[in-house]
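# Give me a 3D structure for the following:
(chains A and B)
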Amino acid sequence: MDFLFLKRHYKIVAAIFITVAALLTAVFTQGQLKSGQTTDWLDVLGEGGIFVMTAVWLFFLLASRPAGKVTYLLSIGLTCFLCSSLLDLTDEFVSYPSKEFWLYWIESLPALVGMVLMTWGLYQWHHEQLKLHKQLSRREAFYREHSQIDYITQLYSADYMRDHLSQLIAEQQSYALAMLDIRNFADFNRSYSTQDGDRLLREVADLIVMNLRTADLACRYAGDRFIIVMPNTGLAEAQEVCEQIQQAVKSLAFKPNGNNKAVYHKIATAVVLSEPEQQLEQAIRQVNLALEK
Amino acid sequence: MKQAVAPIIYADSKCLPLQHLPTSIIDLALSRGVNPEKILRGSGIFLQDLTAETAPEKQLTSPEQVIKLLDKAKQNISGYDSSFLLGQRLLPGQYGAFSQAVQHAANLADLFKVFARYQSLINPFIGCELRTSQQQIHLYFYDAIGLTSEQYIYLLEVTLTALNSCIKYLTSSKIKIHYQFKHSRPRYIQEYEENLGFNLAFDQLADVVSLDKVKLKQSFRFTSPIKQQLALQHLAQTPVAQPFLQQMRSIIQTNRSLTLEEVAQLLDMSPASLKRKLKQHKARFLAIQDAQQKEKIIHWLQFANYTNEELANKLGFNDLANFRRAFKRWFNMTPTDYKSTYLNNLNQLSES
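Numbering: from 1, shown residues only, chains lettered A, B, ... in the order given. Purely as a prediction, here's the structure:
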C-alpha cells in the first residue's frame, strides 16, 4: 500500500491523537473505575467494535484522499463520531459523579454533529466526483473497476473494453471500433530500453486521449495496441479521428532517456463499423485482422 | 551396453545463472511498481545476490527456485502480460555461445535447429522436439521438469514469445507461424495475438509451432557463418545438460521397449531412486512412454495424412482391430472420429 497521502495529513492525524488522548485523560481523571463484575461484555464488544471500525475508516480516508475541503469535512465528522464511540466504550468501565456530568453530554452530541458534517462532506464529494468524471471522460465509461486499469498507460485494459462493448451490443447501439498500433515498437524496445518503451506507450496513450471526442473511449488492448470505441459514429468520422491521432503521434518528438536526439514514431490504424447481430469477439477480431493487412 | 548420458538437470539442480531469468523477473517487477522483496521472499534468492559480485557458485539457482519466483511474479504483477514481457526480453540475449549461435543463424531452418538442440541451456522448464512433414517444420513442446499445468502454460507463453520475437528481430519479412495449444482459449487472447500472431488453435492435442518450409531458407539480418560456426564449436565442446524429463524422453525414444529397471541402470541409479525422481518431477514412467507414442500419432495423423492401415503398420500393429483398440485407449475416440474432430476444426481455423 502507498501511504503517501497519510504523511501529508500529519496535522490532522496529530489533532486526532491529541483529541483522543485528551478525552481519555478527562475520563480517567474525572470518573471512577467500576468493579469488574458489573461490566457487560456484549456492550464492550459492540461499542469497541464501532470504535475500532471508525478508526479504520478514518485511516483509509486519510490514506486515500488528497487534502482539501471534502477531506477535512469527512475527517472532522468521522473524528466526532470516533469521540462519541470512545466515550460510549469507556463508560462501560468508568462511572461519573452525576447524571448531568459534562462527559455524558460529549458522549451523545458529537456523534450527531459528526454525522451532519459527514453528510455535508458527502454532498461535496458528489460534486467533486462529477468534476472528476469530466476529467476521466474518454478514459472511462459507465462504471469504475480499478483492478482493470493498465499500470503503464493508466488506460483501462482489454477486459474493460470487452465489458463496455458487450454493454453497447446489448443496448443495440451502433459504434465504430478503431485499432491502433505503434510501428516497429519491438525494435524500438530492443534498441533503447523497456523503460523508454513504457514511457513511449504512456505518452502515445495521452496523445490518443487528447484527440478523442468526449463520448469516445480508449483502452490499451495489448502490448503496443490500443483500441477505441466511438458510439454512433460513421466510418468517415472515425477515420478522421484516427488520422488526427496519426498526425499527433507523427509529430511527437520522443526523446529516449539520456538522449537529446528525438525518435519519431508512426502508428497504423484500422476502423470497422459495428454490424447488427455481431458478437463482441467477432467485432474485435475483425478490426484486428483489418490492422494486420 | 552403456551409452554416454549427458548431465541431468533436476528440479533442484543449481544450474541457472541469476543474471538470466531471475534478473529479468525482478526488472519487470520494478518497472511495474512491485517491491522486488515481495517476489524474492521464500525463494532463497536475495536481492544483494542479484547485484553484488558474489562467488560464482552462489549466483546459480535451481529450476525450482525460479519457478517460485515466477509464481510470485504472476501473483503480484498486475495484468496478463508478464509472461509475454519476460519472453520478449529472453532471446537472443547474452548467454554466450548460445546467443551467438542464435543471433548469427543463417535462416529459420538453422534457427530452429539451434533452438531445438540447445534451448535447454537457458530454459530447462519446457522441452522441445523438432519434427518435419512434407510442407512444414514443427516444434513440439512439453514439460521438461515437472510443472503444474498453470506453470506450464505460463512458461510456454514465455518460451513461445521468446522464439517469436527473436524471429521477428532476425528477419525483415513477415513470417506466418501456426500455433496449436492443448489448453483452451484464454481470456487474455489479446496477448497471444499481439505476441504470437493470429494463427492460433486451442483445445488441440499437442503444443506445436509449425512453419511452412518455403520460408525456411530466407536469409536473416545478422547472418554470419563464421561467427556461428565458432559458437557452435564452442557449444559442442561440452555435453548439453538436459532437464530430467527431457532426458527420460530421449532415452525412451531410442528404445521403446526399455523397462524402468533398464532405464535406471542406464542412468546409474537404482529403480527405487528413479521412481522417486520421477515422482519428484510429477511424472510416471508409463505416462512418458504413452505421451511419446501419442505425440507421434498426433503428428502423423495431422501432418502426414496416413491412412489407418499405414499408421497401424508404422506403429507395429499387425492387425487393424488391435490398433483401433489401442487408439481408443489413447484418445477416447476412434481414428475416424479423431480426424473429424481435430483435423476439420483446424482447417476451418486456417481458412478464416
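# From here on, just use CA atoms for contacts and neighbour counts.
OK.
# ok, so what distance separates the residue of the stretch 151-293 of chain A found nearest chain B from A:Ser157?
Using Cα to the nearest Cα, the closest approach of the stretch 151-293 of chain A to chain B is made by A:Ala222 at 5.6 Å. Distance, A:Ala222 to A:Ser157, by Cα to Cα, to the nearest Å: 8 Å.
# Could you do A:Phe60 as well?
From A:Phe60 to A:Ser157 the distance is 26 Å (Cα to Cα).
# quick one, which of the two is more surrounded?
Legend: neighbour count by other Cα atoms under 10 Å in any protein chain shown for A:Phe60 and A:Ser157, higher for A:Ser157 (23 against 13).
# from memory the more buried one sits against A:Gln148, does it?
Yes. A:Ser157 lies in contact with A:Gln148 (Cα atoms under 8 Å); the separation is 5.6 Å.
# Check what contacts the helix or strand harbouring B:Leu28 and list those residues.
Taking DSSP states H and E as the criterion, B:Leu28 maps to helix B:21-31. Residues from elsewhere that reach helix B:21-31 (Cα atoms under 8 Å, 6 or more residues apart in numbering or on different chains): A:195, B:35-36, B:39, B:50, B:66, B:69-70, B:73, B:77, B:82, B:85-86, B:89-90.
# Tell me which helix or strand comes right after it.
Counting by DSSP H and E, what follows helix B:21-31 is helix B:36-40.
# Give the buried residues for the helix or strand following that following helix.
Going down the chain from helix B:36-40, the next helix or strand is helix B:47-51, by DSSP H and E. Using 16 or more other Cα atoms under 10 Å in any protein chain shown as the test for burial, helix B:47-51 gives B:Leu50.
# What is helix B:47-51 packed up against?
Under the contact criterion of 3 or more Cα pairs under 8 Å, 6 or more residues apart in numbering or on different chains; DSSP states H and E, helix B:47-51 touches helix B:36-40.
# Residue numbers of the stretch 151-300 of chain B in contact with chain A?
Contacts of the stretch 151-300 of chain B with chain A, taken as Cα under 8 Å from any Cα of the partner chain, map to B:165, B:169, B:190-191, B:194-195.
# show me the contacts for the nearest residue to A:Ser84 once chain neighbours are set aside.
Once flanking residues are discounted, A:Ser84 sits nearest to A:Glu107: 4.7 Å by Cα to Cα, 6 or more residues apart in numbering or on different chains. With contacts defined as Cα under 8 Å, 6+ apart, the neighbours of A:Glu107 are A:83-85, A:87-88.
# Just those: which are in helices?
If you go by DSSP state H, those have A:83-85, A:87-88 in helices.
# Tell me the helix or strand right after the strand or helix carrying A:Gln135.
According to DSSP H and E, A:Gln135 maps onto helix A:102-136. Following helix A:102-136 in sequence order, the next helix or strand is helix A:158-170 (DSSP H and E).
# That next one packs against which elements?
Partner elements for helix A:158-170 (3+ Cα pairs under 8 Å, 6+ apart): strand A:217-222, helix A:280-292.
# looking at the ones you listed, which is buried most?
strand A:217-222 (a mean of 26; mean count of other Cα atoms under 10 Å in any protein chain shown).
# rewinding a little: selection in PyMOL covering whichever of the contacts of helix B:21-31 are buried, please.
Of those, the buried ones go into a single PyMOL selection, burial set by 16+ other Cα under 10 Å:
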select buried, chain B and resi 36+39+50+66+69+70+73+77+82+85+86+89+90
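# from the contacts of helix B:21-31, which is closest to A:Met53?
B:Asn35 (28.8 Å; Cα to Cα).
# can you list the residues that contact the longest helix along chain B?
If you go by DSSP H, chain B has its longest helix at helix B:149-170. With contact meaning Cα under 8 Å, 6+ apart, helix B:149-170 is reached by A:186-187, B:67, B:71, B:83-92, B:103, B:108, B:123, B:125-126, B:141, B:143, B:174-175, B:183, B:195-196, B:220-222.
# Distance from the chain centre to that helix, please.
Computed by Cα atoms, centre = their mean, to the nearest Å, the chain-centroid distance of helix B:149-170 equals 9 Å.
# now swap in stretch B:188-195 and tell me
19 Å.
# Only the buried residues of that stretch, if you could.
B:190-195.
# cool, stretch B:124-139 as well?
B:124-130, B:133, B:136-139.
# of those, closest to A:Ile50?
Set against A:Ile50, the nearest of those by Cα to Cα is B:Phe125 (52.3 Å).
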